[in-house]
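Asks: Sharing a sequence plus its predicted fold:
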Amino acid sequence: MAAEHTAYTKTMSILRDLALSLDVARNTGPVDEIRASQAFRRQSMWLSQALQNDHSYMESVYSAAYPADADALPRRYFNLVGRIAHELATLYAHRVDRRFDGDGASVRADNGQRRRSEWVRKLQEIYGDLDVNGLLHEMERGLKVQRYQVAVVLPSAARPVELWTADPWEVYVKPGNPRQADDIQQAAQVRIRCPVEANDTKVRHGWLVFEPGLAYIEDGDKRIGVYAPDLSNPLGRYPLVTAYASKPRRGWHFPAVSQDLMSMQISANLLASDQEHGLKYSWPQPFIDPGNQGGDPQEWADSMPRGIDKIPAIQTPGGKMGVLHFNPPIAAFQSLMMANMRTLAILWDMSPDSFMKEATAKTAVSRAFDRADRDEARQRAAKTFARVENDLARTIAATLNLRSLVRVPDDVSIRIEYRHHERPADPVHAAQARNMDILSGVSTAWRYVRERDNISEAAAKVRVRQNLRETRSLQLGEGAEAATKAKLRGATLVFDIDGTIATLAGRRIEDAEPIADRIDAINKLAEMGNRIIIHTARPESMRTTTQRQLEAWGVKFDQLVMGKPAGDAYIDDKGSSDLEFFGSTN
């Protein structure tokens, strides 16, 4: 058995045969097409399991590799597929800013400022409740390893809509027009595996079926309408959104799955198990050549000490006795596996050192090439998901409009910005270039902080202002003293609220937070006999709320004036910016 389990060349041969058996067959006839479909779906299902760190698919691999001793082989697994997805699926791992556009997306308020319409606010709320970012993150992870994903949008009694994704092995598509096989909306029939019954121990699946004008769930002999008892589909389209990492061959709906990744996953698991098993049975094995001497060879063999800590040394009259010690080439196969993984990382636009967590010194040029590869991969993914986001928004809107939860325009679209801050390849040069961009007006400090800290635009502006105030306080002294250094007495001073004595990071007036040091400075001016007027662009309808906020914040003021005209800049011979007036506050 030791010789069998340490025969690594046999293992590699089995892997090659297994890989060939999993390849999509050449399309030379109907039988080959059936085999191709079965092989394709088997690979896709295995990738889906591996992505969830479920390696039950390896049981069939162990049985194929070691038909006689599969049960004796230890099970050792590496989450290689999950690691690849973690490294590459980064669009939705960070903050995502969406802006919904469409007919009536914004309306003009009483004070002249534009605000979001009711349907935009409702849609944003629904996106948050459905955790659309989380679903799209899982969709991106699946797309990286499966190269195809489909999102399903259905009406739901418990939630605004039901939203989930499916992998290729769960989807069957019968093309309507072979020349447009990659367009799921042109399909004659789409069948998607879906759960129809579940308990603590098992889940029973049926099929979600779409045909032109029909949408129903197939549960055995029963057909249950998705939208109506007569199985009709009032949307006029399939509520499905597809994402491709690569285009399929002409006439096919699905692209090939990532066979290189699956074969590497299988190889890593199998070799880890095989190496451990080989080490377990690599103790010295005796052999006997009795020559012309008599005696029982088995007795001679039993008399030989064996074990990892014993050295046999027995003299025999004629004949020969000895041991054969098998030394499996563990180091060689480990080196081969590491080299294969590094090659895989390079081909997948990843830094091998980052992927394998190796502390390897790299030049700035090498880091720059790594970053360029990652940026290019992110741009490709962003282009794909820009289309997915817009198709998904229109499908969700159409489903919501069926129930009259909120009327969303048919032309709804999304402008999306992905936030991702990556450490620069050359920090010194990057800092110099960033400072030059800020000084020349190409960018701003708050944009850099927003991307670096993955926060909102308003929060980034507040943070930059705070940092500037702290810097100035080191030069000008305490804030309240600096604000009153002019010794103003009996003057009338007019102050704004939002952005001046309060932050509005949440974009809702009710969520405004006071800036304590500025309020302290105002109160000190009031105590010195100055008249304090609060002049805000908030509408008159917010007067009661504003008064309560000012009282809660402890602001001492004499008059509150609402309805200041909205403007991008205020030019006044007596005016000063908040940073000039409160520049030294903390």
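Replies: Received, thanks. Numbering: from 1, shown residues only.
Asks: for the stretch 101-250 of the chain, what spans make up the helices?
Replies: In the stretch 101-250 of the chain, the helices defined using DSSP state H, counting those that start in this stretch lie at 118-130, 132-146.
Asks: I meant to write the stretch 351-500 of the chain there.
Replies: Under the criterion DSSP H, counting those that start in this stretch, helices of the stretch 351-500 of the chain are mapped to 352-355, 364-403, 427-440, 445-453, 457-476, 479-483.
Asks: Domains of this protein: list them as residue ranges, please.
Replies: Domain segmentation of the chain under automatic domain parsing yields 2-78, 148-255, 477-581.
Asks: So the closest residue to His137 other than its chain neighbours versus Leu143, what's the distance?
Replies: Residue nearest to His137 in three dimensions, not counting chain neighbours: Tyr92, with 3.7 Å by C-beta to C-beta, 6 or more residues apart in numbering. No exception for glycine: its C-beta is placed from N, CA and C like everyone else's. Tyr92 sits at a distance of 11 Å from Leu143 (criterion: C-beta to C-beta, to the nearest Å).
Asks: quick one: which of the two has more around it?
Replies: The neighbour count for Tyr92 versus Leu143, taken as other C-beta atoms under 10 Å, is higher for Leu143 (24 against 20).
Asks: and Pro160, how many neighbours does it have?
Replies: Pro160: 20 neighbours (other C-beta under 10 Å).
Asks: what's the spacing between it and Arg403?
Replies: With distances taken as C-beta to C-beta, Pro160 is found 8 Å from Arg403.
Asks: cool, Thr492 as well?
Replies: According to C-beta to C-beta, Thr492 stands 56 Å off from Arg403.
Asks: now swap in Val171 and tell me
Replies: Val171 is 26 Å from Arg403, by C-beta to C-beta.
Asks: More neighbours: which of these two?
Replies: Val171 (23 against 12).
Asks: Tell me what the more buried one is bridged to.
Replies: Ile192 (DSSP bridges).
Asks: OK, contacts around the most centrally placed residue in the chain?
Replies: Closest to where the C-alpha atoms of the chain average out (C-alpha atoms, centre = their mean) is His137, at 3.6 Å. For His137, the contact set (C-beta atoms under 8 Å, 6 or more residues apart in numbering) comprises 89, 91-93.
Asks: Which of the residues you listed sits closest to Arg42?
Replies: Lowest distance from Arg42 to the contacts of His137 (C-beta to C-beta) belongs to Ala89, with 23.6 Å.
Asks: can you count the residues close to that closest one?
Replies: Around Ala89 sit 20 other residues, with neighbours defined as other C-beta under 10 Å.
Asks: OK, contacts around it?
Replies: Residues near Ala89 by C-beta under 8 Å, 6+ apart: 137, 140-141, 143-144.
Asks: go with 10 Å
Replies: Neighbouring residues of Ala89 by C-beta atoms under 10 Å, 6 or more residues apart in numbering: 136-145, 381.
Asks: Please apply the same query to Val132.
Replies: Applying C-beta under 10 Å, 6+ apart to Val132 gives the contacts 92, 96, 98, 126, 139, 151, 163, 389, 392-393, 396.
Asks: measure Ala332 to Ala339 for me?
Replies: 11 Å.
Asks: now swap in Val152 and tell me
Replies: Distance, Val152 to Ala339, by C-beta to C-beta: 41 Å.
Asks: now swap in Leu579 and tell me
Replies: 57 Å.
Asks: Run through the residues that contact Leu558.
Replies: In this structure residue 558 is Asp, not Leu. Contacts of Asp558 by C-beta under 10 Å, 6+ apart are 492-493, 526, 530-534.
Asks: This completes my enquiry, with thanks.
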